[in-house]
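>>> Structural data only, the sequence is not supplied:
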């Protein structure tokens, strides 16, 4: 399984960028998303940017990764996990449209 890491472009050069995120800096291959200016957020897989995202989307991914780490460590309560998923925690679950029963 691949997990995209949210990283912010700090310095751009043709085909590559110095990016930072989750406490580290890395040289990232930007050829799949094109050159991006400093301040742009990207999702990085194996040191290659695969998608340009908004800062809000990058924050949600970072929070999901933090929740995963807490769960792996066994140190998280439901409240700890819920605060990291503000877009999901207080929402009723819904079936996707293709699984919903059509009215008779």
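On my side now, so go ahead. Just so it is clear, the structure is predicted and the values come from calculations on it, not from any experiment.
>>> Residue nearest the middle of this structure, spatially speaking?
residue 61 (2.7 Å; CA atoms, centre = their mean).
>>> Which elements pack onto the helix or strand in which it is found?
Using DSSP states H and E, residue 61 sits within helix 55-73. In terms of contacts (3 or more CB pairs under 8 Å, 6 or more residues apart in numbering; DSSP states H and E), helix 55-73 is packed against strand 5-13, strand 41-45, helix 78-83. For the C-beta atoms, the positions are set from N, CA and C on the backbone; glycine is no exception.
>>> Given the shortest one, what are its sheet partners and their directions?
Based on DSSP bridges, the strands next to strand 41-45 in the sheet, each with its direction, are strand 5-13 (antiparallel), strand 48-53 (antiparallel).
>>> Check which element follows the first one along the chain.
Pointing back at strand 5-13 there. Next element after strand 5-13 (DSSP H and E): strand 16-21.
>>> next structured bit after that following strand?
Sequence-wise, the next helix or strand downstream of strand 16-21 (DSSP H and E) is strand 24-29.
>>> packing partners for that following strand?
If you count contacts as 3+ CB pairs under 8 Å, 6+ apart, strand 24-29 packs onto strand 5-13, strand 16-21, strand 41-45, strand 48-53.
>>> What are the buried residues along that strand?
Within strand 24-29, the residues that count as buried by 16 or more other CB atoms under 10 Å are residue 28.
>>> Setting aside sequence neighbours, what's the nearest residue to residue 63?
residue 84 (4.2 Å; CB to CB, 6 or more residues apart in numbering).
>>> Count the residues that sit near the one you found.
18 (other CB atoms under 10 Å).
>>> okay, it: pLDDT?
Note for residue 84: predicted pLDDT of 80.
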